[in-house]
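Enquirer: A structural model of the following input is requested.
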Amino acid sequence: MQSRLKEAVVLAVAILGLGAFLYCAMIHVKDRDRVVFVRGLAEREVPADYVIWPIVFKEVGNDLSALYETVQAKTLALEKFLQDNGVAKEEITKASPDITDTQSELYTSEQRPFRYVVTMSVTVASANVGKIRELMEKQGELLKQGIAFSEGDFRYRKVYSFNGLNAIKPEMIDEANKEARAAAEKFAKDSRSKLGKIKTATQGLFSIGRLNTNGKRLSYEMKFKSIEKIHSGKFITRYDIHYETESGKAITYEMISREPNVKNIDELRHHKNNAVVLVMHDESREHILLCKEFRMAVGEKVVNFPAGLIDEGETVEQAAVRELREETGLTLINIEDVWKESYSAIGFANELNVVVVGTANGTIQPSDSEREEIDAAWYSKDEVADLLKKERFAARTQSYCILWSRT
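Expert: Numbers count the residues shown, from 1 in each chain. Coordinates of the predicted model:
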């Protein structure tokens, strides 16, 4: 009996030992599989080594033959100017003239003084980027010969490129790897782990961008020159903004603002929030509040969320409570979220709106303003889906309602 008891004890100890061994082995294997994914970044500033420069000019008239002769003469003068300034003949290509007959245009009834518009493009493609850039500064000399360049057409844009990536790629990959490993070592140190070998690696992505005037790799921004107040109204002010394009062309952009005295680019970009937009649900969360409001700018009723201007000295939340009560008679009982400010009509205005999402209750009442005709109501998802098919919406309201009705 004692012999069997000893055997059982020995067997139990062996099983426990085996279990402990397997547990340690599993932990070891698990630890070996712990990985961290990191990325490294390497940047270089390199000069462009190739440029494509389309030079475009236009001629207008009623005699097509005479126009052709004029275009040919100016094209020859342009080629001579380029070659006299060091551009090789093989670097110059000519496109066929593009002729537009304004009388054959189907989508305009405008009577124009000239029937034909001839567009001529001569393109310089060269690896001598420095020389071509110097030549671009001399374009004004061609004005003396009656050749005025036409700029701004997206079809004819200067293109700079860099073709030496393969030469600097190994060095940049090495630098990115070192930066990635430094990040991994920081992770390992913070987690009291030991960093091993690289388990998997990818080359990653190489991108080539251009530098702005401050030497930063950013997308191009037009150069702000000035802003001019054109007209002051009770609620909005009309301005002309003057910019300079990448090619040096001066352009004027018309816009309106809630701000009455915008004087510079900072005031154009950074100003107070102008209005609040209310996305309200009922307490059951099964209905959303929408307004059919007569909008004088379009002469018809448009479906929109309740919204209104933020009064001087008001917070966004205070304006939300007031506007909801004034337009619908409802009470805002809970604010669930306040979104980051956004532009309401970026094509022609810098108005900033803030969206407030919340819950409202009470009895809907007509608007207390004589200037507003608003029919407010609660709508279910099915009713909103039907409304989207039949009514015109404000864009922001339409986007939200489409998503809400489909969830």
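
Enquirer: Can you show me the helices along the stretch 51-200 of the chain?
Expert: 64-84, 129-136, 140-143, 165-190 (DSSP state H, counting those that start in this stretch).

Enquirer: Pop the domain breakdown of this protein in here.
Expert: 1-33, 36-46+164-219, 50-161, 223-269, 275-406 (automatic domain parsing).

Enquirer: how long is the fourth one from one end to the other?
Expert: If I follow you right, that is domain 223-269. 14 Å (C-alpha to C-alpha, to the nearest Å).

Enquirer: repeat for the third one
Expert: Using C-alpha to C-alpha, the end-to-end distance of domain 50-161 comes to 5 Å.

Enquirer: And for stretch 225-244?
Expert: 7 Å.

Enquirer: Next: stretch 385-395.
Expert: Termini of stretch 385-395 sit 15 Å apart (C-alpha to C-alpha).

Enquirer: Residues touching stretch 375-383, excluding its own?
Expert: Residues from elsewhere that reach stretch 375-383 (C-beta atoms under 8 Å, 6 or more residues apart in numbering): 282, 286-293, 301, 306, 327-330, 364, 387, 404-407. C-beta coordinates here come from the backbone N, C-alpha and C atoms, glycine included.

Enquirer: do stretch 269-277 as well
Expert: 258-259, 262, 305-310, 316, 319-320, 323, 341, 344, 350-356, 396.

Enquirer: Repeat the analysis, applying 7 Å as the threshold.
Expert: Applying C-beta atoms under 7 Å, 6 or more residues apart in numbering, the contact partners of stretch 269-277 are 258-259, 305, 307-310, 316, 319-320, 323, 341, 351-356, 396.

Enquirer: what mean pLDDT does that stretch have?
Expert: Stretch 269-277 carries an average pLDDT of 88.

Enquirer: Quick one: distance of that stretch to the chain centre.
Expert: 19 Å (C-alpha atoms, centre = their mean, to the nearest Å).

Enquirer: First-to-last residue distance for that stretch?
Expert: Span of stretch 269-277 from end to end, C-alpha to C-alpha: 20 Å.

Enquirer: List the buried residues for that stretch?
Expert: The neighbour-count check on stretch 269-277 (16 or more other C-beta atoms under 10 Å) flags 273, 274, 275, 276, 277 as buried.

Enquirer: Those residues into CSV, with extra columns for distance to residue 66 and secondary structure?
Expert: Formatted as CSV, the buried residues of stretch 269-277 follow (distance: C-beta to C-beta, whole Å; DSSP: H, G, I helix; E, B strand; the rest coil):
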residue, distance to residue 66, secondary structure
273, 59, coil
274, 55, coil
275, 57, strand
276, 62, strand
277, 59, strand
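
Enquirer: out of those, who's nearest residue 185?
Expert: Closest to residue 185 out of those is residue 273 (44.9 Å), distances taken as C-beta to C-beta.

Enquirer: Got phi/psi on the closest one?
Expert: phi -70, psi 140 (degrees, to the nearest 10).

Enquirer: With residue 310 as the reference, measure out to it.
Expert: Distance from residue 273 to residue 310, counting by C-beta to C-beta, to the nearest Å: 6 Å.

Enquirer: so what sits against both of the two?
Expert: residue 316.

Enquirer: ok, back up a step: can you say which of the domains of the chain is packed in most?
Expert: domain 275-406 (a mean of 16; mean count of other C-beta atoms under 10 Å).

Enquirer: okay, how far is it across it, tip to tip?
Expert: The first and final residues of domain 275-406 sit 28 Å from each other (C-alpha to C-alpha).

Enquirer: Give me the helix or strand of the chain that scores worst on average pLDDT.
Expert: Lowest on mean pLDDT, DSSP states H and E among the helices and strands of the chain sits helix 2-32, with a mean of 49.

Enquirer: so for stretch 157-164, what's the average pLDDT?
Expert: Stretch 157-164 comes out at a mean pLDDT of 84.

Enquirer: Likewise for stretch 184-199?
Expert: pLDDT averaged over stretch 184-199 gives 73.

Enquirer: okay, that stretch in CSV with CA atoms only?
Expert: The C-alpha trace of stretch 184-199 is given here as CSV (Å, rounded to 0.1, in the frame of the first residue of the first chain):
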residue,chain,number,x,y,z
ALA,A,184,12.0,50.3,-31.5
GLU,A,185,14.7,50.4,-28.9
LYS,A,186,12.7,53.1,-27.1
PHE,A,187,9.6,50.8,-27.1
ALA,A,188,11.7,47.9,-25.8
LYS,A,189,13.2,50.0,-23.0
ASP,A,190,9.9,51.4,-21.9
SER,A,191,8.4,47.8,-21.8
ARG,A,192,11.6,46.4,-20.1
SER,A,193,12.2,44.1,-23.0
LYS,A,194,15.2,43.2,-25.2
LEU,A,195,15.2,44.1,-28.8
GLY,A,196,16.1,41.3,-31.2
LYS,A,197,16.7,41.1,-34.9
ILE,A,198,14.4,42.5,-37.6
LYS,A,199,11.6,40.1,-38.3
